[in-house]
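K.L.:
Generate coordinates for the sequence data below:
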Amino acid sequence: MAVMGSSAALLSAVWGGVALFYQVDQAGPTAAHPPVAHTSAQVSISPTNHPTASPGLVGSGADSVRRQGIVTMVRDDVIDLDTDRADWAAEEAPGSTATDLEFTDAGPTLVSVHGAVMALLPADRTGEHFRDCATLSSEYGGTPLPAEQMRPGVKLCFITDQKRVALLRVTNVHRGADQEPEQVTLTVTVWSRRHSG
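P.N.:
Numbers count the residues shown, from 1 in each chain. Down below sits the predicted model:
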């Protein structure tokens, strides 16, 4: 969040489930300084406060889903895949040490942070089962997903800092005038079973 001087105010509004934050001078916006809107990863969140699962993924044992939902991130946002919070504990980077994923401004990239590791899901795997991500041990690392690879349909496997296995599927990417990603929407599945490694 931007640090503002004493002559500015921060206004917020929620409209249609979207949180908007505006920074304006108390005298009002001018042509030289129009209102600046900033959205955060808290804008498009569909999970409830309780862990939920999709009927196609519900199962017992290894395929039991702990939590599933949608999150939209803007540059410099971080989220925690281990949390039960409806907003995925979204905050501005660097965030707490509990966060697992950052959408960096530099690059921009999606990158694992604070002990989490990620890997691209190979095309021959669907990502519908725990084993699809859990058995990629040799593929995991800190390699970020760069802007040119950030597109709908891309699937990322995660092992969080708490050893939870998760699948993140890119469902939408909003690009700016420079064609760099400004916002990315992810469908997230976190399984109940933890990684044994």
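
K.L.:
just so I have it, where are all the strands in this structure?
P.N.:
8-15, 18-25, 36-38, 65-74, 77-79, 91-92, 101-103, 109-112, 117-120, 145-146, 155-159, 164-175, 181-194 (DSSP state E).

K.L.:
how about a markdown table for the ones you listed, with mean pLDDT, mean neighbour count and distance to Glu128 added?
P.N.:
In this view, the C-beta of every residue, glycine as well, is placed from N, C-alpha and C. Formatted as a markdown table, the strands of the chain follow (pLDDT from 0 to 100; neighbours: other C-beta atoms under 10 Å; distance: least, C-beta to C-beta, whole Å):
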| stretch | mean pLDDT | mean neighbour count | distance to Glu128 |
| --- | --- | --- | --- |
| strand 8-15 | 34 | 10 | 34 |
| strand 18-25 | 36 | 15 | 30 |
| strand 36-38 | 39 | 12 | 35 |
| strand 65-74 | 95 | 21 | 10 |
| strand 77-79 | 95 | 26 | 22 |
| strand 91-92 | 88 | 17 | 30 |
| strand 101-103 | 93 | 27 | 21 |
| strand 109-112 | 91 | 22 | 21 |
| strand 117-120 | 91 | 20 | 16 |
| strand 145-146 | 90 | 18 | 20 |
| strand 155-159 | 93 | 22 | 10 |
| strand 164-175 | 96 | 19 | 8 |
| strand 181-194 | 93 | 20 | 9 |
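
K.L.:
Next, format those as CSV and append distance to Ala134.
P.N.:
Listed next are the strands of the chain as CSV, based on distance: least, C-beta to C-beta, whole Å:
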stretch, distance to Ala134
strand 8-15, 38
strand 18-25, 34
strand 36-38, 37
strand 65-74, 14
strand 77-79, 21
strand 91-92, 28
strand 101-103, 18
strand 109-112, 16
strand 117-120, 11
strand 145-146, 20
strand 155-159, 8
strand 164-175, 5
strand 181-194, 8
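
K.L.:
give me the number of residues near Ala98?
P.N.:
Close neighbours of Ala98, defined as other C-beta atoms under 10 Å, add up to 18.

K.L.:
Next, the contact list for the nearest residue to it once chain neighbours are set aside, please.
P.N.:
Nearest in space to Ala98, with sequence neighbours left out and distances taken as C-beta to C-beta, 6 or more residues apart in numbering, is Asp80 at 4.9 Å. Contacts for Asp80 (C-beta atoms under 8 Å, 6 or more residues apart in numbering) come out as Trp88, Ala89, Gly95, Ser96, Ala98, Thr99, Asp100.

K.L.:
Please report phi then psi for Asp80.
P.N.:
Backbone geometry at Asp80, expressed as degrees, to the nearest 10, gives phi -110, psi 110.

K.L.:
For Cys133, find the nearest of the strands of the chain.
P.N.:
strand 155-159 (3.5 Å; C-beta to C-beta).

K.L.:
now that closest one and strand 164-175, what's the angle there?
P.N.:
140 degrees (axes from the mean of the first three to the mean of the last three C-alpha atoms, to 10 degrees).

K.L.:
Other residues contacting strand 155-159?
P.N.:
Here strand 155-159 makes contact (C-beta under 8 Å, 6+ apart) with 81, 100-101, 110, 112, 116-121, 127, 132-133, 136, 139-140, 145, 164-170, 195, 197.
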